[in-house]
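Asks: Here's a sequence, model it:
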Amino acid sequence: METANIHHIGNPTNRVDGRLKVTGAARYAAEYEASGLLHGVIVSATVAAGRVVSLETERALSVPGVVEIFTHENRGSGAWLDRNWKDEVAPPGHPFRPLHSDRILFAGQPIALVVAETLEAARDAASLVTAAYEVEQHCTELEIKRSEAYEPPEKRSGIPPSPEPRGKPEDAFERARHRIAADYRIRAEHHNSMELFATTCVYEGKDKLTIYEKTQGSQNSQGYVASVFGLKTKNVRVINHYVGGAFGSALRPQQQLFFAVMASLELKRSVRVVLTRSQMFYIGYRPETRHAISLAADNEGRLTSIIHGAVAATSHYEDYQESIVNWSGMMYHCDNVKLSYGLAKLNTATPCDMRAPGAAVGVTAFECAVDELAHEAGIDPLEFRKRNFATLDENTGKQFTSKALSACYHQGAARIGWERRSTEPGAVRDGHELVGLGMATGMWEAFLMKASAEAKLTPDGRLQVSTAASDIGTGTWTILAQIGADALGLPVEDVTPMIGDSSLPASPVEGGSWTAASNGSAVLAACEAIKQTLFKHARKMANSPLTAASFDEVVFLSGRIALRTDPDRGLSLPEVMHASDLDEIRGSGKAAPKLLQMRKYVSYTHSAVFAEVRVDRDIGIVRIPKIVCAVAAGKIINPKTARSQILGGVVMGIGMALHEEAMTDHRLGKIMNHSLAEYHVPAHADIADIEVIFVDEQDEKVSPLGVKGLGEIGIVGTAAAVANAIFSATGKRVRDFPITLDKIIR
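Replies: Residues are numbered from 1 along each chain as shown. Down below sits the predicted model:
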């Protein structure tokens, strides 16, 4: 008989939710219906600081279909203490409370909610609400507040503070043969995922709600709602089966969730609130950062001094923090390092995590500086990085569980044709274009978080795996099905994943690129529990070929339990269940980091990004005909969805390099390009050949599955590789991102 088993892990598998999405059958937060559903529209403040003196709502209330207008004067009840408003990933400070008072902290702050029988009525009425303000002085410009930067007194959970200095970096810098010192600026960016933020709150009766929500953590939103409104957690169910992109913007509960729940509880009806694209620019963003970097090297190109100070924007009410400068102390070997990180308060909403928060900006600035120092030392940029290769995390002294970065360098360089790179910037021309090659190193944490899962096997050989994970487009639905199928030797089609529901086993928010390792390992553990139960019953069966076997001597393949040494001798899974009179077998599993291992080891995903650019000599337009991203990320569960993640990250990196910036009129404190028409993101014409390489990397310590996170590594280093390639092509260093053509030709 055929005994070969398809190993689903490592196989490029189509998305199990793909057909639902492309046919429109997958429903998102604003697409669920409810009886008597009301619609809410938020009215936003038009000033950046001050207070609301009065609100004119009479005309709005006269619009047919308007049910209620909530303001700070008649809002629903909510918790009094700050701690009740803090979600799982909240930074230190005072969480924003919509309609809490007449105070205005930032432009775009919600000042009213209009609720009506139809969306059209709510929208029209909202346009008629006007406010009178007492305007106060504001500041939304980081450079003005840079000198007032401070070190946050309370650290954000999960974000390590800057390490203590080591060696004597200032002295080493002064004595060095080769050195550079430069300032870098990376402008604020906005997530702009396809799905607008939306909440459909279904009123199920007294203090009982079912909430369809755009969120990266159903249980985080569930806990927030229960805490803010004093509800029992069991009476609040949050569902987010499908999420149309988020990139970190949906880690925290956003304002539409509060408004939909508040209105629903007050009116005792179901309510839907959807943010406009413009309003999404005022709920969180990647903060602008300024970097002062000084680097030095000796005659052999060995780093002797690293000094990296960064200042990032935050709001007046929370100390939002990222790990920005820490990367500079661990990416390369150096004995003299000084890293500092401060915040500056602006009249904006609190920033929020955006794909590879901290690393995306910190590594970009640092890798540009490394490229500058390599040029100053007259050493090829790739060779310079190899000479300064770090074999451990020098910030902590811990060993890497694995590091296949050298293979990334080798394979990526070969695919881009690095050997053809000219050592003289601006020397290679092709017609009216200047041609250049650049590269950068990428690095991101490989987390394993606490997660739980359940699995259920039925007599027909079908498996269901469940965990409250979220899928923002990364492929979580699919990889969990692959893991379950591999564990029990089943076809992927016979495995049904259940995710995106707060009633399922506990899961962390979907972020940090930890879902595959964490929830995947929990699913694996749950399936292992089922296998143990099946094996126990199989041994007890009359005339069982497995009676004398141990668990280590059997294998699960092709829907059977069989002897590893003789796969023809075995039993089908339905056969075991029927003989044992089992209607189902359930198993539960958990995943968590090993604390003893964490004392000695640390895990990271690594990459090497290579870019070829062509720059028009006359008008400075940049084309990127090819990017190669070589990634070391442990075991790749699904090369197809994994490649998509890297492609998406690289495209976002190109956006950071050349396109994306929030243009704020600082006189008004308002973002002026708050639409997809004017906020530039890469389009099809901007993207050419992106080659993704997954280098072989075995890591038995990083997680039970041996996988590392992929969602964020694609963006880290990409913008720097493009900037370094532009220097190679033109000889022009642009340290202000995005690199628009005016900065090239000026």
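Asks: which element is residue 468 on?
Replies: Per DSSP states H and E: residue 468 is located in neither a helix nor a strand.
Asks: Check it and give its pLDDT.
Replies: For residue 468, the pLDDT comes out at 98.
Asks: tally of neighbours for it?
Replies: Residue 468 sits with 28 neighbouring residues when counted by other CB atoms under 10 Å. Just so you know, the C-beta spots here come from the backbone N, C-alpha and C atoms, and that holds for glycine as well.
Asks: And residue 75, by the same measure?
Replies: Counted with other CB under 10 Å, the neighbours of residue 75 add up to 20.
Asks: Next, give phi and psi for the closest residue in space to it that isn't next to it in sequence.
Replies: Closest residue to residue 75 apart from its sequence neighbours, by CB to CB, 6 or more residues apart in numbering: residue 99 at 4.1 Å. Dihedral pair for residue 99: phi 60, psi 30, per degrees, to the nearest 10.
Asks: Check the one 10 residues further on too.
Replies: The phi/psi pair for residue 109 (degrees, to the nearest 10) reads phi -60, psi 140.
Asks: Can you pull the poorly scored residue ranges out of the protein?
Replies: Low-confidence segments of the chain (pLDDT under 70): 1-6.
Asks: which residue sits farthest out from the middle of it?
Replies: residue 543 (53.1 Å; CA atoms, centre = their mean).
Asks: Touching, residue 532 and residue 550? I think so.
Replies: No. Residue 532 is beyond contact range of residue 550, at 11.7 Å (criterion: CB atoms under 8 Å).
Asks: the more surrounded of these two?
Replies: residue 532 (12 against 9).
Asks: in what helix or strand does that one lie?
Replies: helix 515-540.
Asks: For the helix or strand just after that helix, which helices and strands make contact with it?
Replies: Sequence order places strand 554-557 as the next helix or strand after helix 515-540, per DSSP H and E. If contacts are counted by 3 or more CB pairs under 8 Å, 6 or more residues apart in numbering; DSSP states H and E, strand 554-557 sits against strand 560-563.
Asks: list the helices and strands the strand it packs on packs on?
Replies: Strand 560-563 packs on helix 515-540, strand 554-557, strand 570-572, helix 573-579, going by 3+ CB pairs under 8 Å, 6+ apart.
Asks: thinking again about what came up before, distance check, the residue farthest from the centre of the chain against residue 569.
Replies: Residue 543 sits 12 Å away from residue 569, going by CB to CB, to the nearest Å.
Asks: just residue 425 next, same as before
Replies: Distance from residue 425 to residue 569, by CB to CB: 68 Å.
Asks: Counting neighbours, go ahead and name the busier of those two.
Replies: Taking other CB under 10 Å, residue 425 and residue 569 do not tie; residue 425 has more neighbours (17 against 14).
Asks: which residue packs closest to the more buried one, ignoring adjacent ones?
Replies: Sequence neighbours aside, residue 731 is the residue nearest to residue 425 in space, at 3.7 Å (criterion: CB to CB, 6+ apart).
Asks: And the helices in the stretch 551-700 of the chain?
Replies: For the stretch 551-700 of the chain, the helices defined by DSSP state H, counting those that start in this stretch occupy 573-579, 595-598, 639-658.
Asks: With respect to burial, which of the ones you listed scores highest?
Replies: Most buried of these by mean neighbour count (mean count of other CB atoms under 10 Å) is helix 639-658; its value is a mean of 23.
Asks: if I read this right, residue 354 contacts residue 188, doesn't it?
Replies: No. Using CB under 8 Å, residue 354 and residue 188 do not qualify as a contacting pair, with a distance of 9.7 Å.
Asks: the more surrounded of the two?
Replies: Counting neighbours by other CB under 10 Å for residue 354 and for residue 188 shows that residue 354 has the greater number, 27 against 24.
Asks: Assumed that one was part of a strand.
Replies: No. Using DSSP: H, G, I helix; E, B strand; the rest coil, the assignment for residue 354 is coil, not a strand.
Asks: Got phi/psi on it?
Replies: Taking degrees, to the nearest 10 as the convention, residue 354 sits at phi -130, psi 140.
Asks: I'd like the distance between it and residue 367.
Replies: To residue 367, residue 354 is 18 Å away according to CB to CB.
Asks: Over to residue 628?
Replies: Separation of residue 628 from residue 367 (CB to CB): 16 Å.
Asks: The two: who's more crowded?
Replies: Neighbour count, other CB under 10 Å: between residue 628 and residue 367, residue 367 has more, with 30 against 26.
Asks: so the more buried one makes contact with residue 717?
Replies: Yes. If you go by CB under 8 Å, residue 367 and residue 717 touch, sitting 5.8 Å apart.
Asks: what sits in contact with each of those two?
Replies: 440, 441 (CB atoms under 8 Å, 6 or more residues apart in numbering).
Asks: which residues does the residue lying closest to residue 560 once chain neighbours are set aside bridge with?
Replies: Excluding its sequence neighbours, the residue lying closest to residue 560 (CB to CB, 6+ apart) is residue 570, at 4.6 Å. Note on residue 570: beta-bridge partners residue 562, judged by DSSP bridges.
Asks: ditto for residue 671
Replies: Residue 671 forms beta bridges with residue 664, as assigned by DSSP bridges.
Asks: mind listing what it touches?
Replies: Contact partners of residue 671, counting by CB under 8 Å, 6+ apart, are 107, 108, 281, 282, 662, 663, 664.
Asks: For the third one, give me its contacts.
Replies: Residue 281 is in contact with 108, 190, 662, 671, 674, 679, counting by CB under 8 Å, 6+ apart.
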